[in-house]
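**Q** Okay, here's the prediction I keep looking at, along with the sequence it came from:
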Amino acid sequence: MKMLLSRYRPVWLGVLAVACAAVISLSLYSLYLYHQVETRFSGRRWSIPSQIFSDVTLLYPGLRVNRSLFEAKLLRLGYRPVNKTPQREGEMRVRPGAIELFLHHLNLPEDDREGYGVRLKFERQTLTALERMSPGPPLSLVTLEPESLGLFFGPEREQRELIAIDQLPRHVIDAVLAAEDSRFYDHIGLDWRGIVRALVANMRFGGIRQGGSTITQQLAKNFFLTPERTLTRKLKEMMLALVIEARYDKATILEIYLNEIYFGQNGSVSVNGIGEASRFYFDKPARELTVGEAATLAGLIKSPNTYSPYIDPARCRARRDTVLAAMQQHGWISAADEAAALQTPVQTAGTSVRHSAPAYFIDYLSGQLAELYAPEDLASLGLSIYTTIDTQVQQAAETALAKGLARLEKTLPAGGKPSSAEPLQGAIVVLKPQTGAVLAMVGGRDYGLSQFNRITQARRQAGSTFKVFTYLAALEDNFTPISALSNEPRTYRVDGKPWQPRNAGVLDTPVISLREALARSVNRATVDLAMRVGLDAVVRTARQFDFSTPLKSYPSLALGAVDVIPLELARAYCVFPAAGLLPNPIGLRDVFDDHQQPLTRRHMTVQRVVSPAQAFLMTSLLRSVVTQGTARSLADWGVRFPVAGKTGTTNDSRDAWFVGYTPDILILVWVGYDNGASIHASGAGAALPIWAELARAIPHQITGADFSTPPGVEAVTICARDGFAALNGGCGETMTEWFLEGQVPEAVARLKPPDSVFQRLMQTIKGAVNER
Amino acid sequence: MSAEWKTWIVAAGFLLLFACRPAVIVPPPDTVPPTSPERPAPPPPVPSPGAVEKELNSREQVAAVLTDQGRGLLKAGRVDGAIRVFEQAVSQSPHYGPAYFYLAEAWMAKNNGPQARAFHDQAILYLQGQAEWASRLERQQIEIDRQVSGLSLP
């Protein structure tokens, strides 16, 4: 024996050396893999796209709502209609006089609450009461969660909602284990039974047909390896599985797996993880999945696009039934549960719950975000980006524009359409005047056809909408609404050439009041006013509104022969309903990281441009545009609440505008062709009907209240016919005219009637006493 | 009725007529009557004024609830959160003065005097005539002035 050992000593030593080298190499390689696993799993495990959200929606008794827009919103928020009283988060029952909702859990930095049942009672369009469906304190205000508007993807275009394993019902985990690795809790990363079974199968078919992979191996493959099927890769996978099992407990491995695994495609975006899959296929959070739904998702893992209920419902159901049978076989569900689940069809959410995002707004937002974050961070850090968008207003704006443009196209004369195939375009922006919040933005007719944002990027001639700055400059120069302006034809010299402004319609009166000149958008009178005030003063006034486009002091400036960016024009008009404050438009509100910690917060900021009294007087003048001037057809379009605004039409009807506001909201509508062709319609004919349709559709944003009167203005009753102070019996028809305090013309002031007969009597007596 | 009483009644009647006498109209030099054949139309009727009033009240109540929430956040030192809630209050009820008052307070806490002043001015506008706010507005004005002047020091 000894001889034998000594004879083969070199061989043994060689074998030992090789074995030692192998063990050392294997140990070093294991250490390397351990380090790789540690680095990959302890850091950020996934690229999670940042998500953009709308504003929250506040509900309270007294609020008027558009039921159809509101119900559509609830569906987008993931509330599922049921035929019984809602008992689980996300369920709703819609009835004629009420909507019952089991609210989702709300998790916002300033508002964190659990979901609960609430009944919203309606009388026609008015929300009359909020009632809890279970005992609790009375409700005066309910906050609906923000709506997802879209995601910032990286090149891999993955969508994922992370789920903690303790949030998942047991049957979801069991379904996945039944489908993929029923001995998960018994092996150490490799399942020898599975490997032997796979080897036998592969030998029978002469190639690799079965992988025999455990969940841990699948995880190793997904995170660290390429998808090709080779023996080397398989060995690597096995070693990685062992390392992962050595390093992490079963719950952690399963949690990573459930968040990582691929569940199919939503268009160009891949659906990853059980949380996102649950949303995509069943439109509910994973914690609410039923046994049948859990089995369906578990069945998908094997081959998501083969077993997808959206692609092949029958095959999907058969696969689900297999998983259910396996669950029952392992004793994880009862036979009764299995039977009940088998009888239920696979009911998916349908792809309709995925709606198109407000693409123009998101482009506008991206521009702002690009100044704050790198694109790769937006695509991977899972930020929550909260915006000011009101999705009901956005939807109403998109509908109103589409309908309005289609209607207009039908009325265009055959020869009036431009020679190119370019479609008629339009754009809308809706702002909250006091805060500058952008509630809706539609930058064009079809984002798919043209991504040019006509609200933020276009420079279009403002036309008569720009006249307000001439009139404002005049008010600052002691003109009053009853100041006389000349309507006579007059020739001005511009750059040495003669220029004669013309009126749009026939108006043969030689003089006209300032109020009426603006109401009827009279060009000659406006230029007369601008020349009397001084063109430099008009430019100075307009510059206070922060237009970024150049403003030159030509007489035609008074008529709006100046290019403006529509968003800047809308912003400028905000000053009038906002009591003289110019807001900075904000679309982006907050950015939070994936732990809901604030990264960026943007607040409303304002600057004073005119006094509240001047702002009110301008509103009063612009009310006349709507009640008696170029926008009086607004009433014909069903707008019965107080609105102030201005129409605008540029040369050859290239641009049609209407900028209108209530005390609550401001809407700008522009219609035109990108190439500047004529639309053969005025602002009142093309833009105003779109404005009206939109305004009527959003009662939750428009109270219908009148504009309030600030201090610093004075109401004087004057004769409607001759414009001077009305006295009892002194003139037939009277009207109220507004003046800035201290600017009531002397003749009117002198004749201003005292407030009452008693006061007059007292004055007379006082006068008599004084005379004595 | 005695002749003396009759005299008094006639005198009182004359006095009354005198008090209500039509004034002499002198056309001002720079004014002109509206010449449009269309008489100025009254504003379009607001649908159901009662409903509008009710909704305005509801909105004001909501603004009050939100302003209270914002005050809580402000007290807790969460200034940005407070501003966000005050902005919601303003959105719901643009003329709700207390929301502007506390916006001014919050911006002072952020050492931004000009913004504080802008919101303070709005608070004055909407809280005018409310005695309980007068002294607080006055105090706020002084603090803003102090902050702004402090900021402008070299």
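**A** Nice, thanks for sending it over. Numbers count the residues shown, from 1 in each chain, chains lettered A, B, ... in the order given.

**Q** gap between A:Pro577 and A:Gly14?
**A** A:Pro577 sits at a distance of 93 Å from A:Gly14 (criterion: C-beta to C-beta, to the nearest Å). The C-beta positions use only the backbone N, C-alpha and C, and glycine is treated the same way.

**Q** same deal with A:Tyr373?
**A** For A:Tyr373, the distance to A:Gly14 (C-beta to C-beta) stands at 60 Å.

**Q** Which one's more surrounded, those two?
**A** Neighbours around A:Tyr373 and A:Gly14, counted as other C-beta atoms under 10 Å in any protein chain shown, are more numerous at A:Tyr373. The numbers are 18 against 11.

**Q** I figured A:Thr456 was touching A:Leu365, is that so?
**A** No: counting by C-beta atoms under 8 Å, no contact exists between A:Thr456 and A:Leu365, whose distance comes to 10.5 Å.

**Q** Low-confidence ranges, chain B, go.
**A** Across chain B, residues meeting the criterion (pLDDT under 70) sit at B:1-48, B:151-154.

**Q** Please identify the helix or strand for A:Asn453.
**A** A:Asn453 is part of no helix or strand when elements are defined by DSSP states H and E.

**Q** who touches it in this structure?
**A** Shown here is A:Asn453, whose contacts under the criterion C-beta atoms under 8 Å, 6 or more residues apart in numbering or on different chains are A:Tyr360, A:Asp363, A:Tyr364, A:Ala427, A:Met441, A:Gly443, A:Gly444.

**Q** which SSE is whichever residue of the stretch 351-500 of chain A sits closest to chain B in?
**A** Distances between the stretch 351-500 of chain A and chain B by C-beta to the nearest C-beta are smallest at A:Ala484, namely 3.6 Å. Per DSSP H and E, A:Ala484 falls inside strand A:484-486.

**Q** which helices and strands sit right next to that strand?
**A** Contact here means 3 or more C-beta pairs under 8 Å, 6 or more residues apart in numbering or on different chains; DSSP states H and E; on that basis strand A:484-486 packs against strand A:511-513, helix A:514-519, helix A:523-533.

**Q** now the helices for the stretch 351-500 of chain A?
**A** A:359-370, A:375-380, A:391-411, A:467-476 (DSSP state H, counting those that start in this stretch).

**Q** In chain B, spot the helix with the most residues.
**A** When chain B is parsed with DSSP state H, its longest helix is helix B:49-75.

**Q** Show me what secondary structure element comes after it.
**A** Moving on from helix B:49-75 towards the C-terminus, the next helix or strand you reach (DSSP H and E) is helix B:79-92.

**Q** ok, and does that next one reach over to chain A?
**A** Yes: using C-beta under 8 Å from any C-beta of the partner chain, we find that helix B:79-92 touches chain A at B:Asp80, B:Gly81, B:Ile83, B:Arg84, B:Val85, B:Glu87, B:Gln88, B:Val90, B:Ser91, B:Gln92.

**Q** Quick check, the residue in chain B closest to chain A?
**A** B:Ser58 (2.8 Å).

**Q** Can you give me every residue that contacts that residue?
**A** Residues in contact with B:Ser58 (C-beta under 8 Å, 6+ apart) are A:Tyr60, A:Pro61, A:Gly62, A:Leu63.

**Q** Which of the helices of the stretch 351-500 of chain A has the highest mean neighbour count?
**A** Greatest average neighbour count among these goes to helix A:467-476 (a mean of 25), per mean count of other C-beta atoms under 10 Å in any protein chain shown.

**Q** quick revisit: adding mean pLDDT as columns, could you present the helices and strands packed on strand A:484-486 in TSV?
**A** Converted to TSV, the helices and strands packed on strand A:484-486 look like this (pLDDT from 0 to 100):
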stretch	mean pLDDT
strand A:511-513	91
helix A:514-519	94
helix A:523-533	94
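
**Q** Point out the most buried one among these.
**A** Of the helices and strands packed on strand A:484-486, helix A:514-519 is the most buried (mean count of other C-beta under 10 Å), at a mean of 28.

**Q** List the contacts of that one.
**A** Helix A:514-519 is contacted by residues A:467-468, A:471, A:474, A:479-485, A:487, A:522, A:525-526, A:529, A:621-622, A:624-625, A:627-630, A:646, A:737, B:34-36 when judged by C-beta under 8 Å, 6+ apart.

**Q** Need the buried ones from those selected in ChimeraX.
**A** A single ChimeraX command selects the buried members of the contacts of helix A:514-519 (16 or more other C-beta atoms under 10 Å in any protein chain shown):
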select /A:467,468,471,474,479,480,481,482,483,484,485,487,522,525,526,529,621,622,624,625,627,628,629,630,646,737 /B:34,35,36
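
**Q** What distance do you get for A:Pro345 to A:Arg317?
**A** 7 Å.

**Q** can you give me the helices for the stretch 101-250 of chain A?
**A** Using DSSP H, counting those that start in this stretch, helices in the stretch 101-250 of chain A cover A:170-180, A:192-205, A:215-224, A:231-247, A:250-260.

**Q** which stretch in the ones you listed is the model least sure about?
**A** For the helices of the stretch 101-250 of chain A, the stretch scoring lowest in mean pLDDT is helix A:192-205; its value is a mean of 74.

**Q** Alpha carbons of that helix, as PDB, please.
**A** Listed in PDB are the C-alpha atoms of helix A:192-205, where the atom choice follows Å, rounded to 0.1, in the frame of the first residue of the first chain:
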ATOM      1  CA  TRP A 192     -32.000  18.700  -7.200                       C
ATOM      2  CA  ARG A 193     -35.300  17.100  -8.000                       C
ATOM      3  CA  GLY A 194     -36.000  19.800 -10.500                       C
ATOM      4  CA  ILE A 195     -32.500  19.500 -12.000                       C
ATOM      5  CA  VAL A 196     -32.800  15.700 -12.400                       C
ATOM      6  CA  ARG A 197     -36.200  16.100 -13.900                       C
ATOM      7  CA  ALA A 198     -34.900  18.700 -16.400                       C
ATOM      8  CA  LEU A 199     -31.900  16.600 -17.200                       C
ATOM      9  CA  VAL A 200     -34.000  13.600 -18.100                       C
ATOM     10  CA  ALA A 201     -36.300  15.700 -20.200                       C
ATOM     11  CA  ASN A 202     -33.400  17.300 -22.000                       C
ATOM     12  CA  MET A 203     -31.700  14.000 -22.700                       C
ATOM     13  CA  ARG A 204     -35.000  12.600 -24.100                       C
ATOM     14  CA  PHE A 205     -35.300  15.500 -26.500                       C
END
